[in-house]
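In: Model the following, please.
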Amino acid sequence: MRKLATLLRWELEDGVRLLLFALGVPALTYLLTVAYLKSQWSMTSLTGGHPEAYGKDFILSSITAEHFFSYPMLSLGFWILLSLLVAVLSVLAFRYDRERGYALTVYSLPYSKVSIFIGKLLSVVILSLLALYIPLFLADFVPNADIASKVWEIVLSWRYLNLVIFATYFVLFSLSVSVLFSTLLRDMFLAFMGAFFVLVLPFFAGLSWPPFSFLPFMSRALTGASPLEGSNLLWGLVIPAVLLFASSIAFTGRDVL
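Out: The predicted structure follows:
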């Protein structure tokens with residue numbers, strides 16, 4: 001475990017990835033906050049005032065809860081940028097050291113390929129999920145700082161947890177595809193383009209394929225849509241696990257380059 005912790009720390013201290021993360025999170029926060037404010041303005045227009053129903057006993061029946069569950073899928077730019085950021089972080093984690101020529105130094109250290117793979121994977125998972133959760137948290141709480149207690153009631157509900165799980169499925173699927181291309185292809189640019197064609201291009205073509213097929217379920221989480229249902233669990237957790245297992249085989253079974 002100590003060796004794995006050391007590898008993870010090395011990966012998380014990579015300057016290029018930290019720079020991209022530091023630039024990406026504010027951009028993602030901006031896109032999601034704009035979607036939140038547009039949604040709030042729309043609901044204010046419909047209700048003729050501030051979109052609130054905070055006096056209700058069941059907070060999830062309020063128009064505020066409906067707002068919280070509807071606005072994330074309104075910012076398509078947020079999800080496109082998030083999928084691209086996840087792809088770039090994955091490609092950099094698994095290809096950058098080989099492209100720059102210092103992979104031989106890493107692999108000469110007393111660490112197994114499995115440990116190196118896990119360290120790289122965990123670093124990508126941590127940064128990718130933070131790139132999702134930080135903007136979501138800020139967009140929910142900062143505009144509603146005066147009613148933070150009511151916001152906590154919503155975000156701690158099991159239905160909002162389902163929304164977060166659907167969003168997590170989006171990240172996990174994007175990450176698993178990107179990692180697979182990064183371990184199969186020997187060129188960083190080709191790995192990124194492969195991930196782009198699988199993740200984003202079908203969305204622009206009007207196809208309802210993962211990971212973007214998870215977006216409609218976020219608003220449906222308020223009415224009971226479950227991330228544990230068959231197809232959702234399959235594409236959000238099982239398929240990514242299979243792809244990551246295949247990536248580990250490809251990573252450990254080839255030479256350093």
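
In: So what touches the strand or helix carrying residue 198?
Out: Taking DSSP states H and E as the definition, one finds residue 198 inside helix 188-199. Helix 188-199 has contacts (CB atoms under 8 Å, 6 or more residues apart in numbering) with 83-84, 87-88, 90-92, 94-96, 99, 173-174, 177-178, 181-182, 184-185, 211. For the C-beta atoms, the positions are set from N, CA and C on the backbone; glycine is no exception.

In: Out of these, list just those in helices.
Out: 83-84, 87-88, 90-92, 94-96, 99, 173-174, 177-178, 181-182, 184 (DSSP state H).

In: just checking, residue 136 touches residue 35?
Out: No. Counting by CB atoms under 8 Å, residue 35 is not a contact partner of residue 136; they are 11.0 Å apart.

In: re earlier: from the ones in helices among the contacts of helix 188-199, list the buried ones, please.
Out: Buried members of the ones in helices among the contacts of helix 188-199, scored by 16 or more other CB atoms under 10 Å, are 83-84, 87-88, 90-92, 94-96, 173-174, 177-178, 181-182.

In: tell me the two of those that are most distant?
Out: 96 and 173 (22.5 Å; CB to CB).

In: ok, the nearest residue to residue 203 once chain neighbours are set aside - contacts?
Out: With sequence-adjacent residues excluded and distances taken as CB to CB, 6 or more residues apart in numbering, residue 203 is closest to residue 212, at 4.5 Å. Counting by CB under 8 Å, 6+ apart, residue 212 makes contact with 79, 170, 202-203.

In: One more: residue 251?
Out: Neighbours of residue 251 in contact, by CB under 8 Å, 6+ apart: 94, 113, 117, 183.

In: again, only this time at 6 Å
Out: 117, 183 (CB atoms under 6 Å, 6 or more residues apart in numbering).

In: Does it fall in a helix, a strand, or a coil region?
Out: helix (DSSP: H, G, I helix; E, B strand; the rest coil).

In: so how far is residue 12 from it?
Out: As judged by CB to CB, to the nearest Å, residue 251 and residue 12 stand 19 Å apart.

In: same check, this time on residue 71
Out: 31 Å.

In: Could you check which of those two has the larger neighbour count?
Out: Set residue 71 next to residue 12 and count neighbours by other CB atoms under 10 Å: residue 71 wins out with 24 against 16.

In: does the more buried one really touch residue 35, like I thought?
Out: Yes. Residue 71 is within contact range of residue 35, at 5.2 Å (criterion: CB atoms under 6 Å).

In: picking up where we left off before, of the contacts of residue 212, which belong to helices?
Out: 79, 170, 202-203.

In: Could you report the neighbour count for residue 150?
Out: 18.
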